[in-house]
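> just to be clear, the model below is a prediction. Sequence and coordinates:
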2 protein chains.
Amino acid sequence: MRRVGIVGLGLVGGSLGLALRRAMPGMEVIGVARRPETAAEALRVAAVSSAGTTLAGLTACDLVVLAAPLAATPGLLSDMAPHLAEGARVTDVGSVKGWVVAAAKDKLDLGRNPFMGGHPMAGREVGGIENADVDLFRERPWVFTPEGGSAVPPVWDDWLEAVAATGARPVLMSPSQHDRQVALVSHVPFLLSAGYLLGAGRSEVWDRARLVASSGFRDISRLGAGDPDMYTAIVEANREEVLKAWTETRAALEELEGRMTGPPGALRDLLDEARRTRHEWELADR
Amino acid sequence: MRRVGIVGLGLVGGSLGLALRRAMPGMEVIGVARRPETAAEALRVAAVSSAGTTLAGLTACDLVVLAAPLAATPGLLSDMAPHLAEGARVTDVGSVKGWVVAAAKDKLDLGRNPFMGGHPMAGREVGGIENADVDLFRERPWVFTPEGGSAVPPVWDDWLEAVAATGARPVLMSPSQHDRQVALVSHVPFLLSAGYLLGAGRSEVWDRARLVASSGFRDISRLGAGDPDMYTAIVEANREEVLKAWTETRAALEELEGRMTGPPGALRDLLDEARRTRHEWELADR
């Protein structure tokens, strides 16, 4: 794998370019951005070895990573297809996988250009090439969703090695497993955070309360500051699984609410169960 | 103010000792802990200049800071009263103020020993003297709740100076204003975080989802890992205001849920409103 194309040079695309180039100095990274200013900035910070604004630049790539906004995915797959070399592989970094894999089946000739979905579990509340970070993927899961979910065809071995070289930890599952799990641990947390912010901002005491809001507020509201367009596209593309996870969460919130007015021991038991779940995650994370 | 007593040498009491001693090297800080091991550790890390396990050690203090668990507050006020010098002032660091101020009126002779509630808006998901941090209060609001809420009697001037010297930013309000505002920006965020964890841990996909849970999960769940005993006591002591803020939050969550299945533009508008609230906080925080 000598030439990798990255379509979309925002936070994730830019960080990926930086990380690949540090890990594999001999690799050529060809960036494609919508705006010439973005392409120029990616070149300036050396996130890519060459950059432009046209998909024709992908012609010589062995592998193309789609890192543009989720909603733009089907159109970009369609538009890039005629420029791909025979055998060039295509992957992506989108937050929803079933919807993207379906678009790839629709827009690409998979016999000629194999597609495998990908999703690095790394993000920040700020986007753009100006926030690109060579260590964005370090020690973070990077999910791959090959057909069937359990084995990656050998043609992808070099890409898994490249991803591991950025510091990420490759994880395999099917697109539907991914979408169900990520709805629970990423999309619903965003929606809860945004819903909390919405209620807080509308509260009659917000104008004064925001002056004493501190680290607890900062943590609960960080996700809710995310890009409304991006999250609207995620909810659209993963609605069924988001609603399942939302229902699970709402049932727990309602049970907790019932215990707020009961005997203290009953509330304490639920809070203890909640804390154990966080500890399970901390152990799993290591 | 030459001698300050700190009753309770956990995260907040221990950090306060460290911060006061760094800011005011001439001040004597007398610590009282429930367990001798805690008193010894506080001495070892120099969070106090002397330490013991009996409230009789407070006799010579000009001011006493109650930094024990909220639920222990009334009993400790009662027990310390006979040991306080004439004119010695008493304050606290608890997360609820109306309930604490009522306990102080009940347990102290306020003509002899003035009381003013306090609440540093700083915390971590781990407690104990072993996590004490000299910079815990830096750039954080420290709420004071004098009678009336708008002016601190001059007898407290030296304590406000000491608090400012720890790096905290003193803020004044009435106990009821504090409890209403903190319910919104601190107690409800905890309950949402705990409720989210509860639902996630019970989800049929948790065992696998926790392996891909990343920074979004970390942020939404940090508060929910807090001490169940402490938060149970907070909800007990501040139930009415917590339920008000919970109702405001739930209304927003329900509106958001309704938009998840509607046209994308309607969801996007709410997400945009949520993000603006976070930005208002960021501006207010500077």
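Right, received. Where do you want to start?

> now do the strands in the stretch 101-250 of chain A.
Per DSSP state E, counting those that start in this stretch, the stretch 101-250 of chain A carries strands over the ranges A:115-120, A:141-145, A:169-172.

> which of these is buried the deepest?
Of the strands of the stretch 101-250 of chain A, the one with the most neighbours on average (mean count of other CB atoms under 10 Å in any protein chain shown) is strand A:115-120, at a mean of 24. Heads up, the C-betas are built off the backbone N, CA and C, glycines and all.

> need the pLDDT of the residue nearest to the spatial centre of chain A.
With distances taken as CA atoms, centre = their mean, A:Ser95 lies nearest the centre of chain A, 4.1 Å away. Predicted confidence (pLDDT) for A:Ser95: 95.

> can you tell me the closest non-neighbouring residue to it?
A:Ile234 (5.1 Å; CB to CB, 6 or more residues apart in numbering or on different chains).

> check contacts around that neighbour.
A:Leu70, A:Ser95, A:Val96, A:His187, A:Phe190, A:Val242 (CB atoms under 8 Å, 6 or more residues apart in numbering or on different chains).

> measure it to A:Ala194 for me?
12 Å (CB to CB, to the nearest Å).

> need the contact list for the closest residue to A:Ser186 other than its chain neighbours.
Excluding the flanking residues, the one nearest A:Ser186 by CB to CB, 6+ apart is B:Gly216, at 4.8 Å. Residues in contact with B:Gly216 (CB under 8 Å, 6+ apart) are A:Gly123, A:Val185, A:Ser186, A:Pro189, A:Phe190, A:Leu223.

> look up how far A:Val96 lies from B:Gly216.
On the measure of CB to CB, B:Gly216 and A:Val96 end up 14 Å apart.

> what about the closest residue to A:Met260 other than its chain neighbours, neighbour count?
Spatially, and ignoring its direct neighbours in sequence, A:Met260 is nearest to B:Val235 (5.7 Å; CB to CB, 6+ apart). Neighbours of B:Val235 under the rule other CB atoms under 10 Å in any protein chain shown: 25.

> first to last residue in stretch A:41-61, what's the distance?
Distance across stretch A:41-61, first residue to last, is 21 Å (CA to CA, to the nearest Å).

> related to what we said a few turns ago, who are the neighbours in contact with the residue nearest to A:Met260?
Per CB under 8 Å, 6+ apart, neighbours of B:Val235: A:Met260, A:Pro264, A:Leu267, B:His187, B:Leu191, B:Val242.

> same question, A:Val45
Counted by CB under 8 Å, 6+ apart, A:Val45 has contacts A:Gly14, A:Leu18, A:Ile129, A:Ala132.

> residue contacts, the last one?
Applying CB under 8 Å, 6+ apart, one finds that A:Ala132 lies in contact with A:Leu11, A:Gly14, A:Ser15, A:Gly17, A:Leu18, A:Ala42, A:Val45, A:Ala47.

> for the second one, pull up the helix or strand it's in.
In this structure, A:Gly14 is located in helix A:11-23 according to DSSP states H and E.

> now whichever helix or strand comes after that helix, how far from the centre of its chain.
With elements assigned by DSSP H and E, the helix or strand that comes after helix A:11-23 is strand A:28-32. Relative to its chain's centre, strand A:28-32 lies at 20 Å (CA atoms, centre = their mean, to the nearest Å).
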